[in-house]
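Peer 1: sequence and predicted structure are below.
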Amino acid sequence: MAGIKEVAERAGLSIATVSRALAGKGSVSEKSRQRALDAAAEVGFVLSYAASSLASGRHHNVGIVVPAVHRWFFSSVVDGASSELIDAGYDLTLYTTGQNESHRKSVLSDFLLRQRLDAVMAVSLELSEAEIAQLMAIHRPVIGIGGPLPGADSLSVDDYHMAKTATDHLIRLGHTRIAHINGSAEYEADFQLPHTRRGGYEDSLRAAGCEIRPEWRATADFTVQGAYRSARQLLGGSAERPTAVFAASDEMAIGVILAARDFGLRVPADLSVVGIDGHELGEVFGLTTIDQDPRGQGALAARRLLARLETDRKSDDSYSPTAEPYPTRLIVRHSTAVPQAL
(Lines give C-alpha, C1' and ligand atoms only; values in the text may rest on other atoms or scores of the structure.)
Protein backbone atom coordinates (compact mmCIF):
# COMPACT_ATOMS: atom_id res chain seq x y z
CA MET A 1 0.00 0.00 0.00
CA ALA A 2 1.30 3.43 -0.92
CA GLY A 3 2.49 5.68 1.89
CA ILE A 4 2.55 9.41 2.43
CA LYS A 5 6.13 9.55 1.15
CA GLU A 6 4.99 8.34 -2.28
CA VAL A 7 2.21 10.93 -2.28
CA ALA A 8 4.69 13.70 -1.46
CA GLU A 9 7.07 12.58 -4.24
CA ARG A 10 4.29 12.43 -6.83
CA ALA A 11 2.87 15.81 -5.76
CA GLY A 12 6.29 17.46 -5.55
CA LEU A 13 5.56 18.61 -2.01
CA SER A 14 7.07 18.00 1.42
CA ILE A 15 5.65 15.23 3.58
CA ALA A 16 4.60 17.84 6.17
CA THR A 17 2.67 19.83 3.58
CA VAL A 18 0.94 16.72 2.26
CA SER A 19 0.02 15.66 5.79
CA ARG A 20 -1.55 19.06 6.53
CA ALA A 21 -3.32 19.15 3.17
CA LEU A 22 -4.88 15.70 3.49
CA ALA A 23 -5.91 16.34 7.10
CA GLY A 24 -7.57 19.62 6.08
CA LYS A 25 -5.53 21.52 8.64
CA GLY A 26 -2.86 24.18 8.66
CA SER A 27 -1.89 26.89 6.21
CA VAL A 28 -1.77 25.14 2.85
CA SER A 29 -2.53 26.89 -0.42
CA GLU A 30 -5.50 25.64 -2.38
CA LYS A 31 -3.18 24.72 -5.26
CA SER A 32 -0.94 22.60 -3.02
CA ARG A 33 -3.95 21.03 -1.32
CA GLN A 34 -5.37 19.95 -4.68
CA ARG A 35 -1.99 18.58 -5.80
CA ALA A 36 -1.82 16.49 -2.63
CA LEU A 37 -5.39 15.22 -3.08
CA ASP A 38 -4.78 14.34 -6.73
CA ALA A 39 -1.53 12.53 -5.93
CA ALA A 40 -3.16 10.59 -3.08
CA ALA A 41 -5.95 9.48 -5.41
CA GLU A 42 -3.48 8.40 -8.09
CA VAL A 43 -1.46 6.16 -5.74
CA GLY A 44 -4.48 4.98 -3.74
CA PHE A 45 -3.37 6.52 -0.45
CA VAL A 46 -5.89 6.96 2.40
CA LEU A 47 -4.87 9.02 5.42
CA SER A 48 -4.95 7.11 8.70
CA TYR A 49 -6.75 9.38 11.10
CA ALA A 50 -5.81 7.14 14.00
CA ALA A 51 -2.14 7.59 13.22
CA SER A 52 -2.65 11.27 12.58
CA SER A 53 -4.33 11.67 15.97
CA LEU A 54 -1.49 9.91 17.75
CA ALA A 55 1.04 12.16 16.05
CA SER A 56 -0.80 15.45 16.54
CA GLY A 57 -2.77 14.87 19.71
CA ARG A 58 -5.87 15.88 17.77
CA HIS A 59 -8.87 13.74 16.92
CA HIS A 60 -10.54 16.15 14.49
CA ASN A 61 -13.82 15.69 16.30
CA VAL A 62 -16.03 18.30 17.99
CA GLY A 63 -18.88 17.39 20.34
CA ILE A 64 -22.13 19.37 20.21
CA VAL A 65 -24.68 19.08 23.02
CA VAL A 66 -28.27 20.18 22.34
CA PRO A 67 -31.53 19.69 24.28
CA ALA A 68 -33.20 18.13 21.20
CA VAL A 69 -32.74 17.75 17.45
CA HIS A 70 -36.41 17.91 16.40
CA ARG A 71 -36.66 21.61 17.27
CA TRP A 72 -35.92 23.94 14.35
CA PHE A 73 -33.63 26.27 16.29
CA PHE A 74 -31.34 23.52 17.55
CA SER A 75 -31.16 21.69 14.23
CA SER A 76 -30.33 24.99 12.50
CA VAL A 77 -27.49 25.71 14.94
CA VAL A 78 -26.10 22.21 14.34
CA ASP A 79 -26.43 22.69 10.58
CA GLY A 80 -24.44 25.92 10.68
CA ALA A 81 -21.75 24.45 12.90
CA SER A 82 -21.54 21.27 10.84
CA SER A 83 -20.86 23.18 7.63
CA GLU A 84 -17.89 24.99 9.17
CA LEU A 85 -16.50 21.85 10.80
CA ILE A 86 -16.74 19.76 7.62
CA ASP A 87 -14.94 22.49 5.65
CA ALA A 88 -12.18 22.39 8.26
CA GLY A 89 -11.88 18.60 8.10
CA TYR A 90 -13.54 17.87 11.45
CA ASP A 91 -16.07 15.22 12.43
CA LEU A 92 -19.04 16.07 14.61
CA THR A 93 -20.42 14.01 17.49
CA LEU A 94 -23.96 15.04 18.48
CA TYR A 95 -25.42 14.54 21.96
CA THR A 96 -29.01 15.28 23.01
CA THR A 97 -30.14 15.70 26.60
CA GLY A 98 -33.90 16.01 26.03
CA GLN A 99 -36.00 16.65 29.12
CA ASN A 100 -34.48 13.59 30.78
CA GLU A 101 -32.31 14.54 33.76
CA SER A 102 -30.48 11.20 33.74
CA HIS A 103 -29.61 11.63 30.06
CA ARG A 104 -28.28 15.12 30.73
CA LYS A 105 -26.16 13.83 33.61
CA SER A 106 -24.78 10.97 31.51
CA VAL A 107 -23.81 13.26 28.64
CA LEU A 108 -22.11 15.86 30.81
CA SER A 109 -20.42 13.55 33.32
CA ASP A 110 -19.61 10.48 31.23
CA PHE A 111 -19.91 10.65 27.46
CA LEU A 112 -18.06 13.94 26.95
CA LEU A 113 -15.26 12.86 29.25
CA ARG A 114 -14.66 9.48 27.65
CA GLN A 115 -14.99 10.48 24.00
CA ARG A 116 -12.00 11.72 22.07
CA LEU A 117 -13.07 15.30 21.41
CA ASP A 118 -11.00 18.33 20.52
CA ALA A 119 -13.69 20.83 21.59
CA VAL A 120 -17.27 21.04 22.87
CA MET A 121 -20.22 23.28 21.94
CA ALA A 122 -23.13 23.44 24.42
CA VAL A 123 -26.34 24.84 22.92
CA SER A 124 -29.08 26.42 25.08
CA LEU A 125 -27.92 24.67 28.23
CA GLU A 126 -27.62 26.63 31.46
CA LEU A 127 -25.09 24.62 33.39
CA SER A 128 -24.51 24.40 37.12
CA GLU A 129 -21.04 25.05 38.56
CA ALA A 130 -20.54 21.30 38.88
CA GLU A 131 -21.59 20.69 35.26
CA ILE A 132 -19.28 23.45 34.03
CA ALA A 133 -16.43 21.94 36.04
CA GLN A 134 -17.11 18.57 34.38
CA LEU A 135 -17.01 20.14 30.93
CA MET A 136 -13.81 22.08 31.65
CA ALA A 137 -12.22 18.88 33.00
CA ILE A 138 -11.68 17.63 29.45
CA HIS A 139 -9.15 20.47 29.02
CA ARG A 140 -10.46 21.37 25.60
CA PRO A 141 -12.00 24.56 24.22
CA VAL A 142 -15.65 24.93 25.20
CA ILE A 143 -18.21 27.42 23.88
CA GLY A 144 -21.83 27.94 24.89
CA ILE A 145 -24.66 29.24 22.70
CA GLY A 146 -27.72 30.83 24.26
CA GLY A 147 -26.37 32.38 27.44
CA PRO A 148 -23.32 32.87 29.67
CA LEU A 149 -21.10 29.91 30.46
CA PRO A 150 -18.72 30.96 33.27
CA GLY A 151 -15.15 29.88 32.57
CA ALA A 152 -15.79 29.29 28.86
CA ASP A 153 -16.51 31.33 25.74
CA SER A 154 -20.15 32.04 25.00
CA LEU A 155 -22.28 33.45 22.20
CA SER A 156 -25.81 34.71 22.79
CA VAL A 157 -28.60 36.95 21.56
CA ASP A 158 -30.41 39.47 23.76
CA ASP A 159 -33.79 37.80 24.33
CA TYR A 160 -35.14 40.74 26.33
CA HIS A 161 -34.23 43.21 23.60
CA MET A 162 -35.74 41.01 20.87
CA ALA A 163 -39.05 40.73 22.74
CA LYS A 164 -39.14 44.46 23.44
CA THR A 165 -38.31 45.29 19.82
CA ALA A 166 -41.12 43.02 18.56
CA THR A 167 -43.66 44.58 20.93
CA ASP A 168 -42.40 48.11 20.24
CA HIS A 169 -42.99 47.47 16.54
CA LEU A 170 -46.66 46.66 17.20
CA ILE A 171 -47.05 49.71 19.45
CA ARG A 172 -45.53 52.01 16.82
CA LEU A 173 -48.16 50.75 14.39
CA GLY A 174 -50.82 51.88 16.85
CA HIS A 175 -51.70 48.65 18.66
CA THR A 176 -52.53 48.84 22.36
CA ARG A 177 -54.32 45.50 22.80
CA ILE A 178 -51.40 43.13 22.39
CA ALA A 179 -51.47 39.49 23.47
CA HIS A 180 -48.47 37.26 24.07
CA ILE A 181 -47.87 33.52 23.53
CA ASN A 182 -44.73 32.23 25.23
CA GLY A 183 -43.04 29.01 26.25
CA SER A 184 -44.46 27.06 29.18
CA ALA A 185 -42.77 26.66 32.58
CA GLU A 186 -40.69 23.64 31.53
CA TYR A 187 -38.65 25.88 29.23
CA GLU A 188 -37.52 28.10 32.11
CA ALA A 189 -34.81 25.60 33.08
CA ASP A 190 -32.19 26.97 30.70
CA PHE A 191 -31.55 30.73 30.89
CA GLN A 192 -35.23 31.44 31.78
CA LEU A 193 -35.99 32.22 28.14
CA PRO A 194 -39.81 32.53 28.52
CA HIS A 195 -39.42 34.80 31.58
CA THR A 196 -36.90 37.02 29.79
CA ARG A 197 -39.00 37.41 26.65
CA ARG A 198 -42.13 38.05 28.70
CA GLY A 199 -40.20 40.77 30.53
CA GLY A 200 -39.39 42.55 27.27
CA TYR A 201 -43.02 42.35 26.19
CA GLU A 202 -44.39 43.69 29.47
CA ASP A 203 -41.82 46.49 29.81
CA SER A 204 -42.65 47.64 26.29
CA LEU A 205 -46.36 47.81 27.19
CA ARG A 206 -45.66 49.64 30.44
CA ALA A 207 -43.46 52.21 28.73
CA ALA A 208 -46.26 52.93 26.24
CA GLY A 209 -48.94 53.07 28.92
CA CYS A 210 -50.70 49.98 27.55
CA GLU A 211 -52.62 47.61 29.81
CA ILE A 212 -51.12 44.21 30.62
CA ARG A 213 -54.02 41.77 30.68
CA PRO A 214 -53.44 38.28 32.13
CA GLU A 215 -56.17 36.78 29.92
CA TRP A 216 -54.15 37.83 26.88
CA ARG A 217 -51.16 35.74 27.90
CA ALA A 218 -50.90 32.10 26.84
CA THR A 219 -48.24 29.40 26.83
CA ALA A 220 -47.31 26.63 24.42
CA ASP A 221 -44.37 24.38 23.55
CA PHE A 222 -42.70 26.47 20.81
CA THR A 223 -44.39 24.38 18.10
CA VAL A 224 -46.98 25.28 15.46
CA GLN A 225 -49.44 22.73 16.83
CA GLY A 226 -49.09 23.78 20.45
CA ALA A 227 -49.48 27.47 19.67
CA TYR A 228 -52.44 26.75 17.38
CA ARG A 229 -54.31 25.15 20.28
CA SER A 230 -53.39 27.96 22.69
CA ALA A 231 -54.28 30.66 20.17
CA ARG A 232 -57.72 29.18 19.58
CA GLN A 233 -58.43 29.52 23.31
CA LEU A 234 -56.90 33.00 23.40
CA LEU A 235 -58.82 34.34 20.41
CA GLY A 236 -62.10 32.60 21.16
CA GLY A 237 -62.25 32.86 24.91
CA SER A 238 -62.51 36.61 25.50
CA ALA A 239 -65.30 39.07 24.84
CA GLU A 240 -62.71 41.62 23.77
CA ARG A 241 -60.05 40.23 21.52
CA PRO A 242 -56.54 41.61 21.05
CA THR A 243 -55.62 43.37 17.81
CA ALA A 244 -52.10 41.93 17.80
CA VAL A 245 -50.13 38.95 19.10
CA PHE A 246 -46.43 38.74 19.87
CA ALA A 247 -45.33 35.09 19.79
CA ALA A 248 -42.01 34.07 21.37
CA SER A 249 -41.07 31.98 18.31
CA ASP A 250 -41.88 31.96 14.60
CA GLU A 251 -43.42 28.49 14.77
CA MET A 252 -45.80 29.70 17.48
CA ALA A 253 -46.55 32.81 15.41
CA ILE A 254 -47.52 30.56 12.49
CA GLY A 255 -49.79 28.62 14.85
CA VAL A 256 -51.48 31.92 15.75
CA ILE A 257 -52.01 32.78 12.07
CA LEU A 258 -53.64 29.40 11.43
CA ALA A 259 -55.89 29.76 14.49
CA ALA A 260 -56.91 33.26 13.41
CA ARG A 261 -58.10 31.87 10.08
CA ASP A 262 -60.39 29.46 11.93
CA PHE A 263 -62.18 32.46 13.43
CA GLY A 264 -62.39 34.29 10.12
CA LEU A 265 -59.80 36.83 11.21
CA ARG A 266 -57.62 38.32 8.49
CA VAL A 267 -53.92 38.79 9.10
CA PRO A 268 -52.99 41.62 9.35
CA ALA A 269 -56.28 43.48 8.74
CA ASP A 270 -57.95 42.02 11.85
CA LEU A 271 -54.94 40.68 13.73
CA SER A 272 -51.26 41.55 13.48
CA VAL A 273 -48.76 38.80 14.36
CA VAL A 274 -45.01 39.01 15.02
CA GLY A 275 -42.55 36.28 16.01
CA ILE A 276 -38.91 35.65 16.87
CA ASP A 277 -36.46 33.41 15.01
CA GLY A 278 -35.97 34.01 11.30
CA HIS A 279 -37.57 30.66 10.38
CA GLU A 280 -37.63 29.81 6.66
CA LEU A 281 -41.42 29.40 6.82
CA GLY A 282 -41.70 33.01 7.93
CA GLU A 283 -41.21 34.16 4.37
CA VAL A 284 -43.93 31.78 3.15
CA PHE A 285 -46.42 33.19 5.69
CA GLY A 286 -45.28 36.79 5.24
CA LEU A 287 -44.35 36.82 8.92
CA THR A 288 -42.81 39.84 10.59
CA THR A 289 -40.04 38.52 12.83
CA ILE A 290 -36.87 39.21 14.77
CA ASP A 291 -34.21 37.23 12.92
CA GLN A 292 -31.69 35.61 15.28
CA ASP A 293 -29.98 33.57 12.53
CA PRO A 294 -29.36 30.25 14.35
CA ARG A 295 -27.31 28.84 11.47
CA GLY A 296 -25.08 31.88 11.67
CA GLN A 297 -24.76 31.40 15.43
CA GLY A 298 -23.70 27.79 14.97
CA ALA A 299 -21.22 28.69 12.23
CA LEU A 300 -19.64 31.50 14.27
CA ALA A 301 -19.37 29.31 17.37
CA ALA A 302 -17.63 26.62 15.30
CA ARG A 303 -15.20 29.20 13.89
CA ARG A 304 -14.42 30.39 17.41
CA LEU A 305 -13.63 26.82 18.50
CA LEU A 306 -11.49 26.18 15.43
CA ALA A 307 -9.58 29.40 16.05
CA ARG A 308 -8.84 28.29 19.61
CA LEU A 309 -7.58 24.96 18.31
CA GLU A 310 -5.43 26.60 15.67
CA THR A 311 -3.67 28.82 18.21
CA ASP A 312 -3.11 25.89 20.59
CA ARG A 313 -4.51 27.83 23.52
CA LYS A 314 -6.56 24.97 24.85
CA SER A 315 -4.17 24.44 27.78
CA ASP A 316 -3.27 28.10 28.35
CA ASP A 317 -4.42 28.95 31.88
CA SER A 318 -4.08 32.66 31.12
CA TYR A 319 -6.77 32.54 28.43
CA SER A 320 -9.64 34.91 29.21
CA PRO A 321 -13.06 33.62 28.06
CA THR A 322 -15.29 36.02 26.13
CA ALA A 323 -19.07 36.48 26.20
CA GLU A 324 -19.90 37.59 22.67
CA PRO A 325 -23.27 39.13 21.70
CA TYR A 326 -24.80 38.01 18.41
CA PRO A 327 -26.70 40.64 16.37
CA THR A 328 -30.40 40.29 15.55
CA ARG A 329 -32.63 42.30 13.22
CA LEU A 330 -36.29 43.13 12.75
CA ILE A 331 -37.69 41.92 9.43
CA VAL A 332 -41.03 43.57 8.60
CA ARG A 333 -43.28 41.58 6.27
CA HIS A 334 -47.04 41.43 5.73
CA SER A 335 -48.30 39.98 9.03
CA THR A 336 -48.28 43.34 10.83
CA ALA A 337 -50.16 46.53 9.98
CA VAL A 338 -51.90 49.54 11.48
CA PRO A 339 -54.96 48.32 13.41
CA GLN A 340 -58.37 48.95 11.89
CA ALA A 341 -60.79 51.20 13.74
CA LEU A 342 -62.92 49.01 16.02
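Peer 2: Yep, it's here.
Peer 1: can you pull the buried residues of the helix or strand that contains residue 21?
Peer 2: For residue 21, the host element (DSSP states H and E) is helix 15-23. Within helix 15-23, the residues that count as buried by 16 or more other C-beta atoms under 10 Å are 17, 18, 19, 20, 21, 22, 23. No exception for glycine: its C-beta is placed from N, CA and C like everyone else's.
Peer 1: just send these back as a markdown table, with pLDDT and distance to residue 133 too.
Peer 2: Putting the buried residues of helix 15-23 into a markdown table (pLDDT from 0 to 100; distance: C-beta to C-beta, whole Å) gives the following:
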| residue | pLDDT | distance to residue 133 |
| --- | --- | --- |
| 17 | 82 | 40 |
| 18 | 78 | 41 |
| 19 | 73 | 36 |
| 20 | 72 | 35 |
| 21 | 78 | 38 |
| 22 | 74 | 37 |
| 23 | 68 | 32 |
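Peer 1: in a helix, residue 63, correct?
Peer 2: No - with DSSP: H, G, I helix; E, B strand; the rest coil as the criterion, residue 63 is strand rather than part of a helix.
Peer 1: which residues touch it?
Peer 2: With contact taken as C-beta atoms under 8 Å, 6 or more residues apart in numbering, residue 63 is in contact with 92, 93, 94, 95, 112, 115, 117, 119, 120, 121.
Peer 1: could you look up the SS state of the fourth one?
Peer 2: What it means is residue 95. Under three-state DSSP, the three-state class of residue 95 is strand.
Peer 1: then the first one?
Peer 2: Classification of residue 92 by three-state DSSP places it in strand.
Peer 1: just residue 8 next, same as before
Peer 2: At residue 8 the chain is in helix, as set by three-state DSSP.
Peer 1: now, among the buried residues of helix 15-23, which is nearest to residue 33?
Peer 2: residue 21 (4.3 Å; C-beta to C-beta).
Peer 1: which parts of stretch 126-143 are buried?
Peer 2: 126, 127, 131, 132, 134, 135, 138, 140, 141, 142, 143.
Peer 1: tell me the one of these nearest residue 246?
Peer 2: Of the buried residues of stretch 126-143, the one sitting nearest to residue 246 (C-beta to C-beta) turns out to be residue 126, at 23.8 Å.
Peer 1: looks to me like that closest one is in a helix.
Peer 2: No - per three-state DSSP, residue 126 lies outside any helix segment and is coil.
Peer 1: from memory it sits against residue 154, does it?
Peer 2: No - using C-beta atoms under 8 Å as the test, residue 126 is too far from residue 154 to be in contact (10.8 Å).
Peer 1: overlap in contacts, the two.
Peer 2: Residues touching both residue 126 and residue 154 by C-beta under 8 Å, 6+ apart: residue 147.
Peer 1: any idea how far residue 263 is from residue 237?
Peer 2: Residue 237 sits 11 Å away from residue 263, going by C-beta to C-beta, to the nearest Å.
Peer 1: more neighbours: which of those two?
Peer 2: Taking neighbours as other C-beta atoms under 10 Å, residue 237 and residue 263 compare with residue 263 leading, 13 against 10.
Peer 1: mind checking pLDDT for that one?
Peer 2: With respect to pLDDT, residue 263 scores 94.
Peer 1: and if you look at the one 10 residues further on?
Peer 2: On pLDDT, residue 273 comes in at 98.
Peer 1: doesn't it belong to a strand?
Peer 2: Yes - under three-state DSSP, residue 273 sits within a strand.
Peer 1: so where is the stretch 51-200 of the chain shaky, pLDDT-wise?
Peer 2: Judged against pLDDT under 70, the low-scoring parts of the stretch 51-200 of the chain cover residues 51-59, 98-101, 103-115, 138, 188-191.
Peer 1: and if we set it to 90?
Peer 2: Residue ranges of the stretch 51-200 of the chain with pLDDT under 90: 51-61, 63, 65, 67-71, 86-91, 93-120, 124-142, 146-152, 183-193.
Peer 1: state the distance from residue 298 to residue 243.
Peer 2: Distance, residue 298 to residue 243, by C-beta to C-beta: 36 Å.
Peer 1: which of the two has more residues huddled nearby?
Peer 2: Neighbours were counted for residue 298 and for residue 243 using other C-beta under 10 Å; residue 298 has more, 29 against 21.
Peer 1: list the buried residues for whatever helix or strand that one lives in?
Peer 2: Per DSSP H and E, residue 298 falls inside helix 294-310. The neighbour-count criterion (16+ other C-beta under 10 Å) identifies 294-306, 308-309 as the buried residues of helix 294-310.
Peer 1: thanks again, I'm all set now.
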